[in-house]
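Student: What shape does this take:
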Amino acid sequence: SFYFFTDQSKFISIADSIKLEKVFVNLTPDEAKFLISNLRKKNWETRKIQRIFGTNLYKLLK
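Tutor: Have a look, this model is predicted:
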């Protein structure tokens with residue numbers, strides 16, 4: 001199963017308990033900036049953040 005998020009607060013609440021290979025986020029630019037800021041505060045690597053914004057979807061469609 002895959003997880004698709006359009007609400008950054010819901011994603012943040014469970015981000016550490018799900019496999020990121022199955023996660024996609026679709027947010028407005030302002031929401032995305034807020035999410036990235038929060039994930040950086042949690043010491044997430046840039047590569048890990050990039051994955052949830054499109055790399056996973058690209059791999060799925062490939």
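Student: what about residue 21, distance to residue 48?
Tutor: When distance is defined by CB to CB, to the nearest Å, residue 21 is 11 Å away from residue 48. Placement of C-beta: from N, CA and C, glycine included.
Student: which residue is nearest the centroid of the protein?
Tutor: The centroid of the chain falls nearest to residue 52 when counting by CA atoms, centre = their mean (3.6 Å).
Student: Report the secondary structure state of it.
Tutor: Secondary structure for residue 52, judged by DSSP: H, G, I helix; E, B strand; the rest coil, is helix.
Student: my guess is it contacts residue 24, does it?
Tutor: Yes - at 6.8 Å, residue 52 counts as touching residue 24 under the criterion of CB atoms under 8 Å.
Student: thinking again about what came up before, contact partners for the residue nearest to the centre of the chain?
Tutor: Going by CB atoms under 8 Å, 6 or more residues apart in numbering, residue 52 touches 11, 20, 23-25.
Student: Quick one, which of the residues you listed are buried?
Tutor: Using 16 or more other CB atoms under 10 Å as the burial test, those include 11, 23-25 as buried.
Student: could I get those residues as JSON lines with distance to residue 33 and secondary structure?
Tutor: Below are those laid out as JSON lines (distance: CB to CB, whole Å; DSSP: H, G, I helix; E, B strand; the rest coil):
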{"residue": "11", "distance to residue 33": "14", "secondary structure": "helix"}
{"residue": "23", "distance to residue 33": "18", "secondary structure": "strand"}
{"residue": "24", "distance to residue 33": "18", "secondary structure": "strand"}
{"residue": "25", "distance to residue 33": "12", "secondary structure": "strand"}
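Student: Nearest to residue 42 among those residues?
Tutor: Ranked by distance to residue 42 (CB to CB), those are led by residue 11 at 11.7 Å.
Student: Would you quantify the distance from the residue nearest to the closest one when sequence neighbours are not counted to residue 53?
Tutor: Of all residues beyond its chain neighbours, the one nearest residue 11 is residue 5 (4.3 Å), with distances taken as CB to CB, 6 or more residues apart in numbering. Counting by CB to CB, the gap from residue 5 to residue 53 is 11 Å.
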